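Engineer: compute the structure for the input listed below.
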Amino acid sequence: QVQLVESGGGLVQAGGSLRLSCAASGSIFKINHMAWYRQAPGKQRELVASINRLGTTNYAFSVMVRLTISRDNAGNTVYLQMNSLEPEDTAVYYCNAEILTYTSARFSPYWGQGTQVTVSS
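Structural biologist: Next up is the predicted model:
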């Protein structure tokens, strides 16, 4: 069984910073890419940033420069450093990872439970 546990969300004023963390645990053989998505009220879930095993990153245009995704050396924890936050960044942020377990033959997507980020103006 695999779990993705997020932490670090909260309430912050516009211009402030937050750092989200997501730790993957369980019967994990290998993790391919890891990513952060977000879903604002009434909107579809959207990709914010992703990072692969080589450290190559990809960002949504709206968050470039302000948000930075990173991954620990073991590769099982992903971070999202969020600076210069704007009210438009308010959403539930979800961690996503493509994982190969010891009992599966292929990589499968896994999701965290989500963490709320609220930016006040």
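
Engineer: in this protein, which residue is most central in space?
Structural biologist: Centre of the chain computed as the mean C-alpha position; nearest residue by C-alpha atoms, centre = their mean is W36, 2.6 Å away.

Engineer: what sits against that one?
Structural biologist: 20, 22, 47-50, 69, 78, 80, 93-96 (C-beta atoms under 8 Å, 6 or more residues apart in numbering). Using the backbone N, CA and C atoms, a C-beta is placed for each residue, glycine as well.

Engineer: among those residues, which are in strands?
Structural biologist: 20, 22, 47-50, 69, 78, 80, 93-96 (DSSP state E).

Engineer: name only those of the residues you listed that count as buried.
Structural biologist: Buried by 16 or more other C-beta atoms under 10 Å: L20, C22, V48, A49, S50, I69, V78, L80, Y93, Y94, C95, N96, out of the ones in strands among the contacts of W36.

Engineer: need the strands for the chain, in chain order.
Structural biologist: 2-7, 10-13, 18-26, 28-39, 46-51, 57-59, 67-71, 77-82, 91-101, 108-111, 115-120.

Engineer: tell me the strands beside the fourth one, with direction?
Structural biologist: This means strand 28-39. strand 46-51 (antiparallel), strand 91-101 (antiparallel) (DSSP bridges).

Engineer: could you do the first one as well?
Structural biologist: Using DSSP bridges, the strands paired with strand 2-7 in its sheet are strand 18-26 (antiparallel).
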